[in-house]
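Participant: output the structure for:
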Amino acid sequence: MTGTAVDLIWLAPALALLGFVLNGTLALARPATKTAVSIIGVGVLLGAFAIGIAVFRSFVALHTDAPVVFQYWSWIPVGSLQVNVGFQVDQLSTVMLLVVTGVGSLIHIFSVGYMQEDPGYARYFAYLNLFVFFMLLLVLGSSFPVMFVGWEGVGLCSYLLIGFWFSDKVNADAGRKAFIMNRIGDFGFMVAMFMIFWSTGSLDFGTVFSHAPTAFVAGGGAITAITLFLFLGCTGKSAQIPLYTWLPDAMAGPTPVSALIHAATMVTAGVYLVARCNLLFAMAPVSGAVVAGVGALTALFAATIALKQWDIKRVLAYSTISQLGYMFVAVGTGGAAISAGIFHLATHAFFKALLFLGSGSVIFAMHRAYHASHSHEDAQDMRNMGGLARHMPWTTTLMWIATLAIAGVPPLSGFFSKDEILTAVFARGTPQPAWLVFGGLGLVTALLTAFYMTRLMLYTFHGPNRTGGEERRHLFEAPWIMTAPLLVLGLLSLAGGLLNVPELYHGNAWLQHWLEPISRSSVALLPETHLATGTEWMLVGIAVAVAAIGIVGAWRLLNLETIVPAHSAPAERGFARVLRNKWYVDEIYDALIVRPIVWLSREVLWKWIDQQVIDGALVNGAARGTRAVGWANRWLQTGQVGVYVAVFLVGVLLLLWRAMS
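Facilitator: Residues are numbered from 1 along each chain as shown. Next comes the predicted model:
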């Protein structure tokens, strides 16, 4: 124990768990209760955030580079495997603690207004609190098994929240899809843990990372296999190629859930895992290149799909997949670039939460308008919107701030974090040209990001209104319980870049220096590369020009006057149809994987092996055989003594004959 507020770290997840228990009890006992649920659901998160601030301040005051580890009780004492339930407070976990509880608190506050009329209100907040509990367990755990419990827990909660309205088959299927695809990735995480224990004799972060330089050969097969299996888990949890298809379908859940998953919790878990294990990835250069390469390809691929989506939340979903790709490019590059990845994780949490909650305000207003007019139009289709800036000025302004931030327009937060990633990647490309390709893909992605986000804003808030005359009378801003969190996130999106203003702009690069103890060991293994100041300024100019081209291009190329409501819109043709249908990846997966597995399960495993072999030959066959033996034996059980004597004599004679022969 340190005798400071750092000792209170256990309270942050404990408060979230307490919220789940209390709201879960209310959901069962008094499901109509809302005031108590709101106070508990929001209160425990605000309390966890306050604890996070206190822990962070106390850890800063310790002036130590070493992590502070708290071991609470023994969990798995089996031979040489000793796993304790413990939390680790260090530079990385404190950043994640503040992001999860801070942004999570704002999403909880927004949920009070957004879900107010939902009959499952208490159940919703119970799940939301549980989600945050498991995410805190994930980022605070001092060992791989404790992290894995949180890893699996957020997967469970995503299933519960994505399929929250489970009476609708589409929502239930979306939750199931997320659960199954994450289990595929989690298999890789489990295999990696087995291999780590086999090689180092431990699963505690401190022991594993201290033994890694002697337990593994840099660039060897073992460390490469371990890191690739870890990254397989990341592709599932953080929605990267090939396991990304669950995330767009996750839009079936309530919009605040989408904000929580995309901004503050689940999808950032994979980025956090690679950053936490940066030493292992630095020892496996092939794996680092795979992480960066998959991230760059995913970023570009998802951005192309976002160009032709009409559902406002799906555009943001593919945007999340794309931005996560940027983060993986950074943490895959390794070294000092790890801080750039975590920096973008934090700024992305600000502006992506703002975008999702802003879209939630729009959907809230559209639902209200359609309900008043008894219309059944899609409230999430941008073709049914238009001109909302006149009715929702606060939401419009704040979402424009987030849009400019994600596009990389200076001096907003996204400009600094995205610029840091591109600079680090191009610097790595000096000795290793493959990273120049990754940087080029990042620039193209930045162009597409600026274009599709401007498209979203123009079709939603500008041009002629397409909701209809009756609906238009009911369009106005959401209640302040929903708008206030947007204002806070707007300020963070504006000023979040101050966390890590680079020395190029005469800043102190605070976050980079703060995370140096985490990345120091991997920095020592990687070639030190720096760009000339002139080259850095050139990259900044290119990045800003790319963002400007994307924004201006959308303004000039998109004709808002020609857009018609969704029910009257013509179907896309040509390449636009390919993008609209997401490159047909879901259909390809369905044809090559899902249908063969379903056929194998039904026709072979169920109808033949289960019904014919197990039920038919074994279970029913045994029953029929027993019945046949009983049927034969009943002829011997006549109840007549003479028959028994005759059978007995025949048996004796047979035995004598056998003995004499």
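
Participant: flag the shaky bits of the stretch 501-650 of the chain, pLDDT-wise.
Facilitator: 632, 634-639 (pLDDT under 70).

Participant: let's go with 50 and repeat that
Facilitator: When residues are selected by pLDDT under 50, none of them lie in the stretch 501-650 of the chain.

Participant: show me where it has helices.
Facilitator: Using DSSP state H, counting those that start in this stretch, the helices found in the stretch 501-650 of the chain span residues 510-514, 516-525, 533-557, 575-580, 585-589, 595-599, 621-633, 641-660.

Participant: can you pull the contacts of the nearest residue to residue 54 once chain neighbours are set aside?
Facilitator: Of all residues not flanking residue 54 in the chain, residue 5 sits nearest, at 4.1 Å (CB to CB, 6 or more residues apart in numbering). Where you see a C-beta, it was placed from the backbone N, CA and C, and this is true even at glycine. Each residue near residue 5 by CB atoms under 8 Å, 6 or more residues apart in numbering is listed here: 51, 54, 55, 57, 58.

Participant: among the residues you listed, which ones are buried?
Facilitator: Buried members of the contacts of residue 5, counted by 16 or more other CB atoms under 10 Å: 51, 54, 55, 58.

Participant: do I have it right that the first one meets residue 15?
Facilitator: Pointing back at residue 51 there. Yes: using CB atoms under 8 Å, residue 51 is in contact with residue 15, at 7.2 Å.

Participant: mind putting the helices of the stretch 501-650 of the chain into a markdown table with mean neighbour count and distance to residue 219?
Facilitator: Shown next, in a markdown table, are the helices of the stretch 501-650 of the chain (neighbours: other CB atoms under 10 Å; distance: least, CB to CB, whole Å):
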| stretch | mean neighbour count | distance to residue 219 |
| --- | --- | --- |
| helix 510-514 | 18 | 27 |
| helix 516-525 | 18 | 10 |
| helix 533-557 | 16 | 29 |
| helix 575-580 | 13 | 39 |
| helix 585-589 | 13 | 33 |
| helix 595-599 | 11 | 36 |
| helix 621-633 | 10 | 57 |
| helix 641-660 | 10 | 76 |
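
Participant: now render the ones you listed as TSV, adding distance to residue 72.
Facilitator: As requested, the helices of the stretch 501-650 of the chain are exported to TSV (distance: least, CB to CB, whole Å):
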stretch	distance to residue 72
helix 510-514	26
helix 516-525	23
helix 533-557	46
helix 575-580	50
helix 585-589	42
helix 595-599	41
helix 621-633	51
helix 641-660	73
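
Participant: these: which one's closest to residue 334?
Facilitator: helix 516-525 (5.2 Å; CB to CB).

Participant: run the chain-centre distance for the closest one.
Facilitator: Chain-centre distance of helix 516-525: 26 Å, with CA atoms, centre = their mean, to the nearest Å.

Participant: by contact count, what packs against that helix?
Facilitator: Judged by 3 or more CB pairs under 8 Å, 6 or more residues apart in numbering; DSSP states H and E, helix 516-525 is in contact with helix 91-114, helix 278-282, helix 337-373.

Participant: now do the helix or strand just after the first one, average pLDDT.
Facilitator: Going back to what we said before, that points to helix 91-114. Next helix or strand after helix 91-114 toward the C-terminus (DSSP states H and E): helix 121-140. For helix 121-140, the mean per-residue pLDDT is 96.

Participant: before we move on, what about stretch 298-317?
Facilitator: Averaged across stretch 298-317, pLDDT comes to 95.

Participant: can you give me the end-to-end distance of it?
Facilitator: Length of stretch 298-317, first residue to last, CA to CA, to the nearest Å: 13 Å.

Participant: list the buried residues in it.
Facilitator: Burial within stretch 298-317, assessed by neighbour count using 16+ other CB under 10 Å, is assigned to 298-306, 308-317.

Participant: chain neighbours aside, what residue packs nearest to residue 147?
Facilitator: Nearest non-adjacent residue to residue 147, counting by CB to CB, 6+ apart: residue 141, 4.1 Å away.

Participant: mind putting the contacts of residue 5 in a markdown table, distance to residue 400 and pLDDT included?
Facilitator: Below are these laid out as a markdown table (distance: CB to CB, whole Å; pLDDT from 0 to 100):
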| residue | distance to residue 400 | pLDDT |
| --- | --- | --- |
| 51 | 34 | 96 |
| 54 | 35 | 96 |
| 55 | 35 | 96 |
| 57 | 34 | 95 |
| 58 | 38 | 95 |
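
Participant: and these, which is closest to residue 485?
Facilitator: Nearest member of these to residue 485, counting by CB to CB, is residue 51, at 20.0 Å.

Participant: contacting residues for the closest one?
Facilitator: 5, 8, 9, 11, 12, 15, 101.

Participant: need phi/psi at it.
Facilitator: When quoted as degrees, to the nearest 10, the phi and psi of residue 51 stand at phi -60, psi -40.

Participant: again with residue 38
Facilitator: Taking degrees, to the nearest 10, you get phi -60, psi -40 for the backbone angles of residue 38.

Participant: ok, it to residue 481 distance?
Facilitator: Going from residue 38 to residue 481 by CB to CB, to the nearest Å gives 9 Å.

Participant: touching, the residue nearest to residue 147 and residue 150? I think so.
Facilitator: Yes: applying CB under 8 Å as the test, residue 141 and residue 150 come out as touching, 6.1 Å apart.

Participant: and the helices in the stretch 101-250 of the chain?
Facilitator: 121-140, 144-162, 169-200, 205-215, 221-237, 246-249.

Participant: and residue 466, what does it touch?
Facilitator: Taking CB under 8 Å, 6+ apart, we find residue 466 in contact with 383, 384, 385, 386, 387, 563, 564, 565.

Participant: nearest the middle, which residue of the protein would you pick?
Facilitator: residue 267 (2.0 Å; CA atoms, centre = their mean).

Participant: give me the nearest residue to that one, chain neighbours excluded.
Facilitator: The spatially closest residue to residue 267, leaving aside those adjacent along the chain, is residue 238, at 5.0 Å (CB to CB, 6+ apart).

Participant: for the top strand by length along the chain, buried residues please.
Facilitator: Longest strand in the chain, counting residues (DSSP state E): strand 68-78. Residues of strand 68-78 classed as buried by neighbour count (16+ other CB under 10 Å): 68, 69, 70.

Participant: nearest to residue 366, of those?
Facilitator: Closest to residue 366, out of all of those and judged by CB to CB, is residue 70, at 47.6 Å.

Participant: how far away is the closest one from residue 51?
Facilitator: Separation of residue 70 from residue 51 (CB to CB): 14 Å.

Participant: can you list residues touching both of those two?
Facilitator: With CB under 8 Å, 6+ apart, residue 70 and residue 51 have common neighbours residue 9.

Participant: you'd agree residue 118 is up against residue 125?
Facilitator: No: using CB under 8 Å, residue 118 is not in contact with residue 125; the gap is 10.3 Å.

Participant: which one's more surrounded, those two?
Facilitator: residue 125 (29 against 15; other CB atoms under 10 Å).

Participant: the more buried one is in contact with residue 23, isn't it?
Facilitator: Yes: Residue 125 lies in contact with residue 23 (CB under 8 Å); the separation is 4.7 Å.
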